[in-house]
Every structure is written in structure tokens, then in C-alpha cells.
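Chemist: please work out how this folds:
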Amino acid sequence: MNVKIALIQMSCGKDIKANIEKTVYMVQEAAAGGANIISLQELYPSRYFPQTVNVKHYELARPLTDESVEIMRQIAADKKVVMVVPVYEYARPGVYFNTAVVIDADGSIAGKFRKIHIPEGPQYLEKFYFTPGDLGYPVFKTAYATVGVGICWDEWFPEVARILGLKGAEIIFYPSAIGSEPDRPEYSSQEAWETVIKSHGITNGLFIGAINRVGVEDEMSFYGGSFISNPFGEVLARGGDGDEIVAAEINLKQIEEFRNLLQFYRDRRPETYGELAKLIIE
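Modeler: You can find the predicted model right below:
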């Protein structure tokens, strides 16, 4: 029932090859430290390019056979670790997804999640780059745990965590790229970010791994603060604002203990929630 999870929090430069090499080093360090499941941050091989509108950035999209995924499959097989690998997926000309590939401990691809909630705001210009995900909210039964994934903006929506929890997810990973708000530079969303994500773990009785990048990229700075929390909302490990492996050992038995204490799933009344399917309730 004990599983060690690790989050790779790091800064990225303009050289994709160098970013991959740096990530590989940190992943191997995490595996050497006993991690069973390792998650990378959103769009891990590159800087956060959706700050501006530029057609040339479409060239960053790669098929899932790209080295950025294949090298992680090799590590997963060699080290017997499960990996969550977020990339910019080239599906076909003009159709590109913000995707997280889940790799099982034998190096096989357990499946993928494509980001569904696509933001659009100052320096978060994602609708220009990403087609909304078309795969729903899958969960992946891996060698160590059943995991679900939501990518960045997905993590703010409680419906995502509820669906993943009801499907049997024991851990939800939220790869992210979040930091400064250029239209309100005095505001930091970090406390709200952590609070809302921890609440998903509480209301669904499961573990959370939230991974955020760090560093300054063009006009944006990313605050890091990656964390792991348990079903009780307790933070088991939290990162700072630099390159770091954020790791903690979790006991999956706590899921049952918490759900027996607070019976949120038992007392749900889904027959009363039909209005939630409407865009506006009048």
C-alpha cells in the first residue's frame, strides 16, 4: 500500500535538447531515491510558448513517438517506474493537443490524457495552440496505483477531480505552468492554486501531486510550489521556487480510512445535479 511519488520541478531554457537532458538527469535522481511514480511538469521539453501568438511555435508539436516520450519510456522500463510525461502532441496537420502520456513501469504506454479546459488570457494564449481534448477523463491502472491526470487549467475545475475519483483514481497528477499574471502583476495566485487543488483531494478522498515549473521565461515568472497532499488535505512535501525533486511516500490505505470518516461519495445526490450540464442556470 506504500508508494513513493516524485514531482520534477524545473526551469526550462530555449534549447529543447538541453531541457530533455536536464529532465532525464532529475528523473534518474528521483528513481535512485526510490520513487515509484514520477511526474513531469506541463509541456516539459520546452519553455511555456503560449505567451505570444506565433505560427512558428506549431513546429514544437511532435508525435508521441518523439524522443521526448521515447526516452522516458526507456527510463520507465529500466528503473521500473511509472511516469506522467506532458508534451505538445502533433496529432495531424492543424490538430495539436496539450497531452500527458502515462507510461507504465514496463515502458508501455498505459494511455494519454489531452487537456480539456483551454485558457485564453494575457500571456496564457492557449486557444491559439491547443485543440480541446477529445478523450474525456480516463484513469490508468498502473503497476503501483490507479492514476488520473488534469493539466493546468483543468486543475481549477472540481468536476474533473470528481469524475476521476468516481472512476477509481487514487492519485491525481496536475502538471502545470502557472505564475505571474501580467494584467495584475501585484497578485500571486499561488495560495489559491494550492488551496483549490488540495480541496479536490479532500472532497474526493485521494492523493494529489501538483507540479509547476520555475524560473523566468520571457515576460513571465513561474512560482513553483509543487506539492503532494493526502486525502486529509495535509501537504506531505512542498517545493520552493527553484529546481527541485519534490517527493513523498504515501499510504494508499489512507483513502479508505478517509472515505469511511467522511462519506462524500455515499451521500452524493447525482439525480439532483442535472443543472450542472447547463452553461447558464436561470
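Chemist: how far away is Pro138 from Ile5?
Modeler: Here the distance between Pro138 and Ile5 works out to 19 Å (Cβ to Cβ, to the nearest Å). (Each C-beta comes from the backbone N, C-alpha and C, glycine too.)
Chemist: now Gly239
Modeler: As it turns out, when the distance is counted by Cβ to Cβ, Gly239 lies 13 Å from Ile5.
Chemist: higher neighbour count, those two?
Modeler: Higher neighbour count among Gly239 and Ile5: Ile5, with 28 against 23, using other Cβ atoms under 10 Å.
Chemist: who does the residue nearest to the more buried one when sequence neighbours are not counted bridge with?
Modeler: Spatial nearest neighbour of Ile5, excluding adjacent residues (Cβ to Cβ, 6 or more residues apart in numbering): Ile37 at 4.6 Å. Note on Ile37: beta-bridge partners by DSSP bridges are Ile5, Val82.
Chemist: need the pLDDT of Ile37.
Modeler: Predicted confidence (pLDDT) for Ile37: 99.
Chemist: check contacts around it.
Modeler: For Ile37, the residues meeting the contact criterion (Cβ atoms under 8 Å, 6 or more residues apart in numbering) are 3-6, 81-84, 142, 144-145, 147, 171, 209.
Chemist: which one of those is nearest to Gly215?
Modeler: Among those, Ala6 lies closest to Gly215 (Cβ to Cβ), at 19.4 Å.
Chemist: from memory the closest one sits against Gln28, does it?
Modeler: No. Here Ala6 lies out of contact with Gln28, judged by Cβ atoms under 8 Å, at a distance of 11.1 Å.
Chemist: the more surrounded of those two?
Modeler: Relative neighbour count places Ala6 above the other of Ala6 and Gln28, with 27 against 15, counting by other Cβ under 10 Å.
Chemist: and the pLDDT for the more buried one?
Modeler: Reported pLDDT at Ala6 in the predicted model: 98.
Chemist: how far away is it from Pro138?
Modeler: Note on Ala6: its distance to Pro138, by Cβ to Cβ, is 22 Å.
Chemist: cool, Leu125 as well?
Modeler: Separation of Leu125 from Pro138 (Cβ to Cβ) stands at 27 Å.
Chemist: and for Phe258?
Modeler: 24 Å.
Chemist: ok, Pro50 next?
Modeler: For Pro50, the distance to Pro138 - Cβ to Cβ - is 24 Å.
Chemist: okay, the two: which has more neighbours?
Modeler: Per other Cβ under 10 Å, whichever of Pro50 and Pro138 has more neighbours is Pro50, with 23 against 18.
Chemist: wasn't the more buried one part of a strand?
Modeler: No. With DSSP: H, G, I helix; E, B strand; the rest coil as the criterion, Pro50 is located in helix rather than a strand.
Chemist: check it and give its pLDDT.
Modeler: Looking at Pro50, its pLDDT is 98.
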